[in-house]
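> generate coordinates for the sequence data below:
(chains A and B)
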Amino acid sequence: AQRVTQPEKLLSVFKGAPVELKCNYSYSGSPELFWYVQYSRQRLQLLLRHISRESIKGFTADLNKGETSFHLKKPFAQEEDSAMYYCALSAQGGSEKLVFGKGTKLTVNP
Amino acid sequence: NAGVMQNPRHLVRRRGQEARLRCSPMKGHSHVYWYRQLPEEGLKFMVYLQKENIIDESGMPKERFSAEFPKEGPSILRIQQVVRGDSAAYFCATRKDRVNEKLFFGSGTQLSVL
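Purely as a prediction, here's the structure:
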């Protein structure tokens, strides 16, 4: 069964501090991993996906197949990064439906 | 382009009534996904449709729930004889007809069953 686990429900850091949002997954095949973000009063939107290997708004995420993890990192958090972050997985070659984690609420304090 | 439009934003129904949730995809998008989010939970996949066809309904409850995406008009998620446990946020997401295309989400419909 496909499963995505985000162990932290809440994460609070100070501005300028490094931040890491954890994501672990369970899937027997070759998954595609995503991070979605929802800012206050806005829609859920794609932040980044592992196949793109890009950095968006200073965030990066590396797929570690050995540890089945896809942690989201940013070296210096900004107040505008405060949002709800969801890790998601889809099975390659399938209907591209997403399996979401429960989300982590990140608060960046001034 | 106003993005993916969902209406209504809030829907209140009494137990036993019907709920109809609408999703208008972005222009050029022919694939629609419906997700449900219960409080404190992540989004759970319900159904995937491509114009006039249901491709994957593995996440749909067996009874009372149905979805359609007609040739003309929005996609509709229909819940008959609603119960309190149906109270949730329902999101749709749409994309173009190409592999690995980005998914765009609507703002969701918050269904409250009294």
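
> contact residues of chain A facing chain B?
Within reach of chain B by Cβ under 8 Å from any Cβ of the partner chain, chain A has these residues: A:4, A:6, A:43-46, A:51, A:86, A:95-103. Where C-beta positions appear, they are placed from N, C-alpha and C, glycine not excepted.

> what's near enough to touch the residue of chain A found nearest chain B?
The minimum distance from chain A to chain B, using Cβ to the nearest Cβ, falls at A:Phe100 (3.6 Å). By Cβ atoms under 8 Å, 6 or more residues apart in numbering or on different chains, A:Phe100 lies in contact with A:Val4, A:Tyr36, A:Tyr86, A:Cys87, A:Ala88, B:Tyr35, B:Gly42, B:Leu43, B:Lys44.

> can you check B:Gly3 too?
Counted by Cβ under 8 Å, 6+ apart, B:Gly3 has contacts A:Arg43, B:Met26, B:Phe104, B:Gly106.

> check what pLDDT it gets.
At B:Gly3, the model reports a pLDDT of 90.

> which residue packs closest to A:Gly58, ignoring adjacent ones?
Nearest non-adjacent residue to A:Gly58, counting by Cβ to Cβ, 6 or more residues apart in numbering or on different chains: A:Lys74, 5.0 Å away.

> any weak-confidence spans in chain B?
Across chain B, the ranges flagged by pLDDT under 70 are B:1.

> circling back: drop anything exposed from the residues of chain A next to chain B.
The neighbour-count test (16 or more other Cβ atoms under 10 Å in any protein chain shown) marks A:4, A:6, A:43-44, A:46, A:86, A:95-103 as buried among the residues of chain A next to chain B.

> looking at pLDDT only, which of the residues you listed scores worst?
Lowest confidence among those: A:Ser95, with 71.

> was I right to think that one contacts B:Ile55?
Yes - checked against Cβ atoms under 8 Å, the pair A:Ser95 and B:Ile55 is within contact range at 5.7 Å.

> number of nearby residues for A:Leu72?
Residue neighbour count, defined by other Cβ atoms under 10 Å in any protein chain shown, stands at 22 for A:Leu72.

> for it, give the beta-bridge partners.
A:Leu21, A:Ala61 (DSSP bridges).

> any idea how far it lies from A:Ile56?
10 Å (Cβ to Cβ, to the nearest Å).

> swap in B:Ala19?
Plainly put, B:Ala19 is 36 Å away from A:Ile56 if you go by Cβ to Cβ.

> out of those two, which sits in the busier spot?
Taking other Cβ under 10 Å, B:Ala19 and A:Ile56 do not tie; B:Ala19 has more neighbours (22 against 15).

> and A:Cys87, that one's in a strand?
Yes - applying DSSP: H, G, I helix; E, B strand; the rest coil, one finds A:Cys87 inside a strand.

> that one is in contact with A:Thr68, isn't it?
No - in this structure A:Cys87 lies outside contact range of A:Thr68 using Cβ under 8 Å: 11.7 Å.

> between the two, what contacts are shared?
Taking Cβ under 8 Å, 6+ apart as the criterion, A:Cys87 and A:Thr68 both touch A:Tyr25.

> the more surrounded of these two?
The residue with more neighbours, out of A:Cys87 and A:Thr68, is A:Cys87; 30 against 16, by other Cβ under 10 Å.

> quickly list what that one is bridged to.
According to DSSP bridges, the residues that bridge with A:Cys87 are A:Trp35.

> appreciated, that's everything.
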